[in-house]
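Participant: Just to be clear, the model below is a prediction. Sequence and coordinates:
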Amino acid sequence: MKLYCATKNPGKLREFEAEPLPGLADIPACDETGTTFEANAIEKALYYSQFTPEYVFADDSGLAVDALDGAPGIYSARFAGPDTTDARNNALLIEKLRGVVNRTARYVCVIALARGGKLIGTFRGEAEGAIVDDARGANGFGYDPYFYYPPFGCTFGEATHEQKQGVSHRGAALRAMRSFLAGLPDES
């Protein structure tokens, strides 16, 4: 069974430890018009699965901060505007949380699996933590240096790749999808 990941994000590809969809760079980007992680993941998986006969998965993931009513949520990658950077997104996050005591947050990832334009399933993973004021660690990407994970006593930016994979939102969703795929009948 061949399985491709439909993302151009090198950080996500590294965390998924997946093979990118062949020719993805030449495929026009899928518009993300959904209002939930699930809707966006499904939209992307269905769209990109039209370009190969194999299984394709796409995700939508982000940070949901309780004090910000779940923001940045589905807008996590563009929280500070289109074509922004991780540094600007993080600066805006910390600015919005200035003086806020409740810093609880969670990373959310929804993976949608499709084949031939048909949805096969969705898989969700979450990691609970809190937002700290100062960046800690250079590992990971996005909000990782600000996402404190209590069981580790450090941020995801300080955790090793292996540690993070074992507990992260992406790791949990990926394990659920792989478990599902392992239960499918062999196509050979």
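Facilitator: Looks like it came in fine.
Participant: List of residues touching stretch 67-78?
Facilitator: 32, 34-37, 40, 60-65, 79, 84, 89, 93, 96-97, 100, 102-104, 142-143 (Cβ atoms under 8 Å, 6 or more residues apart in numbering). C-beta coordinates here come from the backbone N, C-alpha and C atoms, glycine included.
Participant: if I pick the most centrally placed residue in the chain, what's in contact with it?
Facilitator: Centroid-nearest residue in the chain, with Cα atoms, centre = their mean: residue 61, separated by 3.3 Å. By Cβ under 8 Å, 6+ apart, residue 61 lies in contact with 12, 37, 76, 107-110, 169-170, 173.
Participant: Sitting in strands, which of those residues do you find?
Facilitator: Mapping the contacts of residue 61 onto strands (DSSP state E) picks out 107-110.
Participant: burial of residue 125, as a residue count?
Facilitator: 22 (other Cβ atoms under 10 Å).
Participant: Can you tell me which helices and strands the helix or strand of the chain with the lowest mean pLDDT packs against?
Facilitator: Lowest on mean pLDDT, DSSP states H and E among the helices and strands of the chain sits helix 10-16, with a mean of 89. Helix 10-16 sits against strand 3-5, strand 55-65, helix 161-167, helix 169-182, with contacts defined as 3 or more Cβ pairs under 8 Å, 6 or more residues apart in numbering; DSSP states H and E.
Participant: Repeat the analysis, applying 10 Å as the threshold.
Facilitator: strand 3-5, strand 55-65, strand 104-115, helix 161-167, helix 169-182 (3 or more Cβ pairs under 10 Å, 6 or more residues apart in numbering; DSSP states H and E).
Participant: Could you tell me which residues within the third one count as buried?
Facilitator: When burial is assessed from 16 or more other Cβ atoms under 10 Å, strand 104-115 yields the following buried residues: 105-115.
Participant: any idea of the mean pLDDT in the lengthiest strand in the chain?
Facilitator: Longest strand in the chain by number of residues, with DSSP E as the criterion: strand 118-131. On average, the pLDDT along strand 118-131 is 98.
Participant: after that strand comes which helix or strand?
Facilitator: strand 147-149 (DSSP states H and E).
Participant: Narrow the contacts of stretch 67-78 to those that are buried.
Facilitator: 32, 37, 40, 60-65, 79, 89, 93, 97, 103, 142-143.
Participant: and the two most separated of those?
Facilitator: 32 and 103 (27.2 Å; Cβ to Cβ).
Participant: circling back to that earlier point, which member of the buried residues of strand 104-115 is positioned nearest residue 129?
Facilitator: Taking Cβ to Cβ as the measure, residue 129 lies nearest residue 105 of the buried residues of strand 104-115, at 5.9 Å.
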